[in-house]
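Novice: Requesting a structural model of the entry that follows:
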Amino acid sequence: QVQLQESGPGLVKPSQTLSLTCTVSGGSITTNAYYWSWIRQPPEKGLEWMGAIAYSGSTYYSPSLKSRTSISRDTSKNQFTLQLSSVTPEDTAVYYCARGIRVGLGMDYWGKGTLVTVSS
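Specialist: Okay, here's the model as predicted:
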């Protein structure tokens with residue numbers, strides 16, 4: 001059973017960089033053909049796919065967030081990380097990490113999500 005767990009600060013100040021880590025257990029992030037995504041849901045809005053890192057280490061980003069987003073991984077810890085720069089209150093959301101069989105699609109395992117609030 002694959003399990004994902006998000007971790008990171010719950011409060012970030014405007015203009016700072018939001019950083020979250022997803023720790024994966026029960027499966028390797030380098031296993032062939034899986035894509036590891038970050039997805040967020042602002043209050044009272046729908047899910048928004050932000051980006052992903054593939055089993056190969058290749059990265060993919062939503063065009064609307066590409067200029068502010070970076071996803072990386074630490075294979076020794078079986079973790080992948082999201083960094084979102086220059087945050088504003090509009091970046092307040094529940095952030096999820098998930099495993100998919102394609103980029104941005106076919107998510108079969110999700111973390112529980114973590115609320116990040118952007119406020120001074």
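
Novice: Next, count neighbours for the residue lying closest to Gln1 once chain neighbours are set aside.
Specialist: In this structure, Gln1 finds its nearest non-sequential neighbour in Gly26, 5.1 Å apart by CB to CB, 6 or more residues apart in numbering. For every residue, glycine as well, the C-beta is placed using N, CA and C. Gly26 has 10 neighbours, counted by other CB atoms under 10 Å.

Novice: contacting residues for Gly26?
Specialist: Counting by CB atoms under 8 Å, 6 or more residues apart in numbering, Gly26 touches 1-3.

Novice: Just want the most central residue of this structure.
Specialist: Trp38 (2.5 Å; CA atoms, centre = their mean).

Novice: Let me see the residues that make contact with the helix or strand where it lies.
Specialist: Element membership of Trp38 [criterion: DSSP states H and E] is strand 35-41. Here strand 35-41 makes contact (CB under 8 Å, 6+ apart) with 20, 22, 24, 29, 47-55, 60, 69, 71, 73, 80, 82, 93-104, 107, 113.

Novice: can we see that at 7 Å?
Specialist: 29, 47-54, 71, 80, 82, 93-100, 102-104, 107 (CB atoms under 7 Å, 6 or more residues apart in numbering).

Novice: filter the residues you listed to the buried ones?
Specialist: Neighbour counting by 16 or more other CB atoms under 10 Å classes 29, 49-54, 71, 80, 82, 93-100, 103-104, 107 among those as buried.

Novice: Among the contacts of Gly26, which one sits closest to Gln16?
Specialist: Using CB to CB, Gln3 is the member of those that sits closest to Gln16, with 29.1 Å.
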